[in-house]
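Novice: mind looking at a prediction? Sequence and model below.
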Amino acid sequence: MYFNFRRAKKAVRTVLGLGLLTMLGLAAISYYQDEPTFSLFGRQSFEDTMKEAKANKPKAMKKHLSILEERYNLTPKTTKEVTMSRGKPIPVGPTAKLKKGTTWESLVQMTPEAIKEKGVFPYLPLPHPLPDVGGMVFPPVQTRLHPELVRFDVDFDLPDAFLPEFPPALFLTNRPDLGDVSQGKEITQDNFYLMFKDILTPVQLEGLRLLVTRFPQQQFNLTDDRNSEKPSQGVACFDCHVNGHTTGQFHLNPDNRPQAARFRIDTVSLRGVNIQRLHGSKRSLRSIEDFTEFEQRSAYFDGDQTLAAKKGINPLAREQVMHMAQFQNMIDFPPAPKLNLYGRLDRTRATKDEIRGEELFFGKARCWACHPAPYYTDNSAHDLKVERFYDGRAEGPIKTFTLRGLKDSPPYLHDGRLFTIEDTVEFFNLVQELKLTEEEKKDLVKFLRTL
């Protein structure tokens, strides 16, 4: 058989050429993976990408909200028996909808295996509305004042009643006599200096300046692969941690891959961060300085160094990070007038049901094992093994969040799946297999509101 070496050589070149083009195309897709559509040899225009995302948004949000409505009663109930620090009513639950024929009393009598087999666990992980894209999403109460934080591809999902008040109060460890130093305002670049020049030292003031300064972020920046309609300088630390607290913004955690398998993360408060030794819900960052630097260098861009360089990363000097940390370490918990010096109830001020709730907290409910007084955190992480109750990926250890100021910080758990304190008590009653009675659960809620 005659073999034509010239033709074979040409065929090999053709195959190699096609392979190289395919690799380049895949590389382009990888580089622009945060956009919804791609072409093999080039990107879609920003206008076409935005138009397509806007068209897809109603369908995506309808699908997501149908999941929420299936799981929860989204019609808020609130109480003014105890309010948040600036007077917002507290949401009351439980809000979780139970499967037909199931009650809280019957659930708590079932084994984890039986709950899993019947598919009746009421607190499944809360998904991001757009998990394949992810990214930071801000609530309407904030975007009404900051339209630059509106995304064209996804909307916020939870009703305002289940969120912290906006803007939240700010308390400082160095000036407890001043109470809420926010003056009812959102602290921004425009007003921080006049508000704090007579309260803070120059170093602390510089730290605050950096915390309210906007830097490029994955979804909000000046490039044409952003998720906001108009270009912007990005976001500030205090856009997510408004006044050193939170307004319930959410993201996806940076630790897992692939993208769609990552856990939703609810923005946590910076109140009392000075007493915490573990930062990040599933990360091993051991100082507020490291956490601050990590957030600015990596988390803003989902850990993608290439995109960070493209979108305009602004690395901070360690001295600047230390200034930012110094101010964060001054953010205090809200006052808890019913607690004594040891973080326990002052029996002369507490009601009988609050006292019974405290006894349950440090007794039958075993909350103290992870949330000891006075700060109600053990500065550790624990695996609740929630996957015992449903078919799904194991969630692994989660840091112990402080319970101080709990009433100011709905929704609860790392992904915000627990909309109220009542939902939180029901969740742990199931997960810890405590078998608390209805009256015991009510008393425990009363105590948690005092913290």
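Specialist: That came through, no problem.

Novice: which secondary structure elements does the lengthiest strand in the chain contact?
Specialist: Assignment by DSSP state E gives strand 78-83 as the longest strand of the chain. Strand 78-83 sits against strand 89-91, helix 438-450, with contacts defined as 3 or more CB pairs under 8 Å, 6 or more residues apart in numbering; DSSP states H and E. In this view, the C-beta of every residue, glycine as well, is placed from N, C-alpha and C.

Novice: CA atoms of it as PDB?
Specialist: Extracted C-alpha coordinates of strand 78-83, given in PDB (Å, rounded to 0.1, in the frame of the first residue of the first chain):
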ATOM      1  CA  THR A  78     -43.500  41.100  63.400                       C
ATOM      2  CA  THR A  79     -43.500  42.100  67.000                       C
ATOM      3  CA  LYS A  80     -42.600  45.300  68.900                       C
ATOM      4  CA  GLU A  81     -42.200  43.500  72.200                       C
ATOM      5  CA  VAL A  82     -38.500  43.900  71.500                       C
ATOM      6  CA  THR A  83     -37.200  45.900  68.500                       C
END
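
Novice: now the spatially most central residue of the chain: closest residue in space that isn't a chain neighbour?
Specialist: Taking CA atoms, centre = their mean, the centroid of the chain lies closest to Asp266, which sits 1.5 Å from it. Leaving aside its chain neighbours, Asp266 sits nearest to Gly416 (3.7 Å; criterion: CB to CB, 6 or more residues apart in numbering).

Novice: what's the neighbour count on that neighbour?
Specialist: Gly416 has 21 neighbours, counted by other CB atoms under 10 Å.

Novice: can you pull the contacts of it?
Specialist: Leu126, Leu158, Gly248, Phe250, Arg264, Asp266 (CB atoms under 8 Å, 6 or more residues apart in numbering).

Novice: 7 Å - rerun?
Specialist: With contacts defined as CB atoms under 7 Å, 6 or more residues apart in numbering, Gly416 is in contact with Leu126, Gly248, Phe250, Asp266.

Novice: out of the residues you listed, who's the most crowded?
Specialist: Highest neighbour count within the contacts of Gly416: Phe250, with 25 neighbours (other CB under 10 Å).

Novice: measure that residue to Phe138 for me?
Specialist: Distance of Phe250 to Phe138, computed by CB to CB, to the nearest Å: 9 Å.

Novice: shared neighbours of these two, anything?
Specialist: By CB under 7 Å, 6+ apart, no residue touches both Phe250 and Phe138.

Novice: and stretch 274-293, how far out from the chain's middle?
Specialist: In terms of CA atoms, centre = their mean, to the nearest Å, the centre of stretch 274-293 is set 15 Å apart from its chain centre.

Novice: quick thing: my sequence starts at 38, can you match it?
Specialist: That works, and once the first residue is 38, the last one we named lands at stretch 311-330.

Novice: who's in contact with stretch 282-300?
Specialist: So stretch 282-300 is contacted by 162, 165, 168-169, 171-176, 178-179, 195, 200-201, 203, 205, 277, 301-308, 318-320, 336, 339-340, 430, 432, 446, 448, 452-453 (CB under 7 Å, 6+ apart).

Novice: what's the neighbour count on Ser103?
Specialist: 10.

Novice: should've said Ala346
Specialist: 10.

Novice: which other residues reach the helix or strand containing it?
Specialist: Assigning secondary structure by DSSP states H and E places Ala346 in helix 342-348. The contact list for helix 342-348 (CB under 7 Å, 6+ apart) reads Tyr68, Pro253, Gln255, Asn258, Thr260, Phe338.

Novice: equivalent analysis for stretch 380-390, please.
Specialist: In contact with stretch 380-390 (CB under 7 Å, 6+ apart) are residues 374-377, 391-392, 395, 410-412, 480, 483, 487.

Novice: buried among those residues? Make that a PyMOL selection.
Specialist: Selection of buried members from those for PyMOL, criterion 16 or more other CB atoms under 10 Å:
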select buried, resi 375+376+391+392+395+410+412+480+483+487
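
Novice: from the contacts of stretch 380-390, which single one is nearest Phe438?
Specialist: Ranked by distance to Phe438 (CB to CB), the contacts of stretch 380-390 are led by Tyr412 at 10.8 Å.
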